[in-house]
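compute the structure for the input listed below.
(2 chains)
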Number of protein chains: 2
Amino acid sequence: MRDVYVSGVGMTKFGRQPDRSLRDLSEDSVGTAMKDAGVLASDIQTIFFGNAIAGLMTGQEMVRGQSALRGLGVLGVPVINVENACASASTAFNLAYQAVASGSVDVALAVGSEKMSHPDKNRAKEALSTACDLEELAEVEARMGAEAGGERSFFMDLYASTARNFMEKSGATAEDFGRVAVKNRFHGSLNPHAQFAGAVTLEEVMGSRMIVDPLTLFMCSAIGDGSAAVVLTAGDRTPTDRPRVRVAATVMRSGLGKVGLEPHEMAGRRAALAAYEISGYGPNDFHVVECHDAAAPAELVLYEELMLCEEGEGAALLRSGATSLGGRMPVNTSGGLLAKGHPVGASGCAQIVELSDQLWGRAGARQVEGARVALAENGGGWIGSDSAAVVVTVLERQ
Amino acid sequence: MRDVYVSGVGMTKFGRQPDRSLRDLSEDSVGTAMKDAGVLASDIQTIFFGNAIAGLMTGQEMVRGQSALRGLGVLGVPVINVENACASASTAFNLAYQAVASGSVDVALAVGSEKMSHPDKNRAKEALSTACDLEELAEVEARMGAEAGGERSFFMDLYASTARNFMEKSGATAEDFGRVAVKNRFHGSLNPHAQFAGAVTLEEVMGSRMIVDPLTLFMCSAIGDGSAAVVLTAGDRTPTDRPRVRVAATVMRSGLGKVGLEPHEMAGRRAALAAYEISGYGPNDFHVVECHDAAAPAELVLYEELMLCEEGEGAALLRSGATSLGGRMPVNTSGGLLAKGHPVGASGCAQIVELSDQLWGRAGARQVEGARVALAENGGGWIGSDSAAVVVTVLERQ
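Numbering: from 1, shown residues only, chains lettered A, B, ... in the order given. This next block holds a predicted model:
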């Protein structure tokens, strides 16, 4: 396997954009990424298109990528439509990496696009509940102490249950989750692509509407539309106007589909361990991290799952300021899913956009000075008692 | 890239099986393929799961593979859900090949599963119309002289339009299309997995209900349920109880998304030319062929597109008997999509099942004696005026 580089990235603004179609959003992000990489449509040799819920949101159940990209002149080459719930775009990125690493192509395109806003305001919530095996849905909801319907969504019920367990085990408080939201909303306020423009106070987070105890509105990612794209290339096709960003590792794992897993059996932990081994980098080496904070407590759980701190120390790591801009290892400088937004099938590529910009030194007001090694974690779906798919990626500036 | 072998195959019976779930069907085909390959669940290192329309048929929009396979003990490794309309399973096969060829894994699983029968008998037809860019659907229908709704389906309208053009250009007759159905129904009558058990006469085909002129009922593939699975391995993991079946080439191409394409611009032609170059085999070398006869005229069009005969000679090739069992190059010995059945997201892997059985000499009453080189072509979706995705694969017995 040969070295693979991120050579160009692009993303739309995230957020409710009811007038923009999946095609419009995709053409925007892909056009930007191609220009950034200095490649023409005819240079692209394979395309992986990630999307999670267009079948239920727009009716476009099939050939989503061909439909979204047909105006760009890139068709003709393989177009592979991939889905892994909220990890759809990182799945596309992972496969695009493999296509270049194996030597089968020199230039690959990974895209993630999602359209979630809809005149029927419950449509996205209903679609998202299919990220769990439908045969298992009622059982999972019962196990989580959740009730279907109402204002609550399946995933926020899951995250609330996880949050309650985490509080019991680690002594973290609801205010700690609030602090995650404050941090990421502040980071997002520095990102022009973010869904939410302004910073918020802890009082505002704690005082926002209760969704599912202990999650308030500002602790939950919102419905939004967007697209993100990444051009990956072999070494001789990388731009020469900036440092090279190498994919040091990208590893996908699925959940085991069982209940009552030990920490070492979780997909995120397994993917991280493999990515650390392949890349030669470990938890102390990362200068900037993007992780899947679809709800605020998830970020603290992930600090531990990714071994960025010891078990039970997630809240302490947050409180220390280490994961805030200016800290030792800022997490979700983009604003994360909480502030940048979470058009589900686009998020995995948007993480790579942020980290590449950080490594290239072009992250503007949220730049992490001297960032050289970066970590991304993107999880999707639910199977048994874990994510259905997790992709962990390590990027390195050369 | 190293050599990759088909080491085990499995499929369910195809046809209407209202009581069987996607999970039940998938466990059946995958279990058979694993046993055939002599691999355990723990041996499988990556999984590509192809499905086209479960989002609209069963509601399982996301994590289809994790949901369908969770009872088999294979989860934990990467599970990638792929979709390319009727070419979903060959897309899974193509990617599984690449995973092994690149050396990143030694054992990969490709699965295609589809559930099309539904209490609402129009559901599958409606779902299938989303294999075209929905923004383009009305325009395509108008161009094809088609009308939406009624008993006619989008794809049969497309195939009827193609059939009329083909008749005008080549002098083929409706009876020629009837002869394709007679041939494939006879082949299917020898295949215990086929949806339709009995042979039919030309009179029966021509006298069956008219769907869209010139297509009668027996010239159209039917709604059905089924699953097919293939285990691909590196050389040292192939079974030793039979000849080795090597994947000599597998090539995917997407349609260009334009109208008025020349023959050399068609995805099928481009994929075939690349597969012939990579494999070193050409149209005169194939002892047995499976191609995408979703409607009878498509088989004759494909004879020409795959260069199995000269332009305009498709009907003559059929009439010569060369493509019937006992002929020089039998086509669709499984019964093809017309007789074996066409649970859309399963068909690409089912073609590999048939060809592998032929090369291993275990195709029973439909065995092609001495078959050593085989060709599969699987097309899916519609973009512009061509298939959205085509995969062409060459297999070789060693």
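
residues of the stretch 101-250 of chain A that sit close to chain B?
A:101, A:102, A:103, A:104, A:127, A:130, A:131, A:132, A:133, A:134, A:135, A:136 (CB under 8 Å from any CB of the partner chain). (C-beta placed from N, C-alpha, C; glycine too.)

highest neighbour count among the residues you listed?
Top of those by neighbour number is residue A:131, holding 31 neighbours under the definition other CB atoms under 10 Å in any protein chain shown.

I'd guessed it sits against residue A:381; true?
Yes - using CB atoms under 8 Å, residue A:131 is in contact with residue A:381, at 4.2 Å.

what is in contact with these two at once?
Counting by CB atoms under 8 Å, 6 or more residues apart in numbering or on different chains, the shared contacts of residue A:131 and residue A:381 are A:85, A:86, A:388, B:62, B:63.

what is the most widely separated pair among these?
Maximum pairwise distance in the shared contacts of residue A:131 and residue A:381, criterion CB to CB, is 10.1 Å, between A:86 and B:63.

which residues are in contact with each of the two?
With CB under 8 Å, 6+ apart, residue A:86 and residue B:63 have common neighbours A:131, A:380, A:381.

in strands, which of those residues fall?
Judged by DSSP state E, the shared contacts of residue A:86 and residue B:63 include residue A:380 as members of strands.

could you find the lowest-pLDDT member of the shared contacts of residue A:86 and residue B:63?
Checking pLDDT across the shared contacts of residue A:86 and residue B:63, the minimum falls on residue A:131 at 93.

can you pull the contacts of it?
Applying CB under 8 Å, 6+ apart, one finds that residue A:131 lies in contact with A:52, A:85, A:86, A:154, A:155, A:380, A:381, A:382, A:388, B:61, B:62, B:63.

quick one: which of these is nearest to residue B:200?
residue B:61 (38.0 Å).

residues touching the closest one, list them.
Residue B:61 touches A:52, A:53, A:55, A:56, A:127, A:130, A:131, B:54, B:55, counting by CB under 8 Å, 6+ apart.

give me that answer again for 6 Å
Taking CB atoms under 6 Å, 6 or more residues apart in numbering or on different chains, we find residue B:61 in contact with A:53, A:55, A:56, A:130, B:55.

make CSV from these and add pLDDT and secondary structure to it.
Shown next, in CSV, are those (pLDDT from 0 to 100; DSSP: H, G, I helix; E, B strand; the rest coil):
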residue, pLDDT, secondary structure
A:53, 97, coil
A:55, 97, helix
A:56, 96, helix
A:130, 92, helix
B:55, 97, helix
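
pipe those into a markdown table and attach distance to residue A:70 per row.
As requested, these are arranged in a markdown table below (distance: CB to CB, whole Å):
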| residue | distance to residue A:70 |
| --- | --- |
| A:53 | 21 |
| A:55 | 18 |
| A:56 | 22 |
| A:130 | 27 |
| B:55 | 21 |
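
now for residue A:186, how many residues are close by?
Counted with other CB under 10 Å, the neighbours of residue A:186 add up to 17.

check the gap between it and chain B for me.
Going from residue A:186 to chain B by CB to the nearest CB, to the nearest Å gives 32 Å.

and that residue, that one's in a helix?
Yes - counting by DSSP: H, G, I helix; E, B strand; the rest coil, residue A:186 is part of a helix.

that one contacts residue A:198, correct?
No - using CB atoms under 6 Å, residue A:186 is not in contact with residue A:198; the gap is 9.3 Å.

now residue A:343: how far from residue A:87?
Distance of residue A:343 to residue A:87, computed by CB to CB, to the nearest Å: 13 Å.

picking up where we left off before, which of the contacts of residue A:131 sits closest to residue A:204?
Relative to residue A:204, the closest of the contacts of residue A:131 is residue A:155; by CB to CB it sits at 22.9 Å.

where does that closest one land in three-state SS?
helix.

let me see the contact set for it.
Contacts of residue A:155 by CB under 6 Å, 6+ apart are residue A:128.

pull out the buried positions in the worst-scoring helix or strand of chain A on mean pLDDT.
Using mean pLDDT, DSSP states H and E, the weakest-scoring helix or strand in chain A turns out to be helix A:137-143, at a mean of 80. Using 16 or more other CB atoms under 10 Å in any protein chain shown as the test for burial, helix A:137-143 gives A:137, A:140, A:141.

now do the second one against residue B:295, distance only.
It stands for residue A:140. Distance, residue A:140 to residue B:295, by CB to CB: 42 Å.

also the first one?
Between residue A:137 and residue B:295 the computed distance is 38 Å (CB to CB).

ok so, going back, which of the contacts of residue A:131 lies closest to residue A:111?
Residue A:111 has its nearest neighbour among these in residue A:52, at 12.8 Å by CB to CB.

I'd guess residue A:83 is in a strand, am I close?
Yes - counting by three-state DSSP, residue A:83 is part of a strand.

all helices in the stretch 51-200 of chain A, in order from the N-terminus.
A:54-57, A:64-69, A:88-101, A:123-128, A:137-143, A:154-170, A:174-189 (DSSP state H, counting those that start in this stretch).

dump those helices to JSON lines, plus distance to residue A:5.
Below are these laid out as JSON lines (distance: least, CB to CB, whole Å):
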{"stretch": "helix A:54-57", "distance to residue A:5": "30"}
{"stretch": "helix A:64-69", "distance to residue A:5": "22"}
{"stretch": "helix A:88-101", "distance to residue A:5": "8"}
{"stretch": "helix A:123-128", "distance to residue A:5": "34"}
{"stretch": "helix A:137-143", "distance to residue A:5": "40"}
{"stretch": "helix A:154-170", "distance to residue A:5": "34"}
{"stretch": "helix A:174-189", "distance to residue A:5": "26"}
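
worst average pLDDT in those?
Note on the helices of the stretch 51-200 of chain A: lowest mean pLDDT is at helix A:137-143, with a mean of 80.

off-centre distance for it?
25 Å (CA atoms, centre = their mean, to the nearest Å).

helices or strands up against that helix?
Applying 3 or more CB pairs under 6 Å, 6 or more residues apart in numbering or on different chains; DSSP states H and E, we find helix A:137-143 packed against no helix or strand.

try 8 Å
Judged by 3 or more CB pairs under 8 Å, 6 or more residues apart in numbering or on different chains; DSSP states H and E, the packing partners of helix A:137-143 are helix A:154-170.

in the helix it packs on, what's buried?
Under the neighbour-count criterion of 16+ other CB under 10 Å, helix A:154-170 has A:154-164, A:166-167, A:170 buried.
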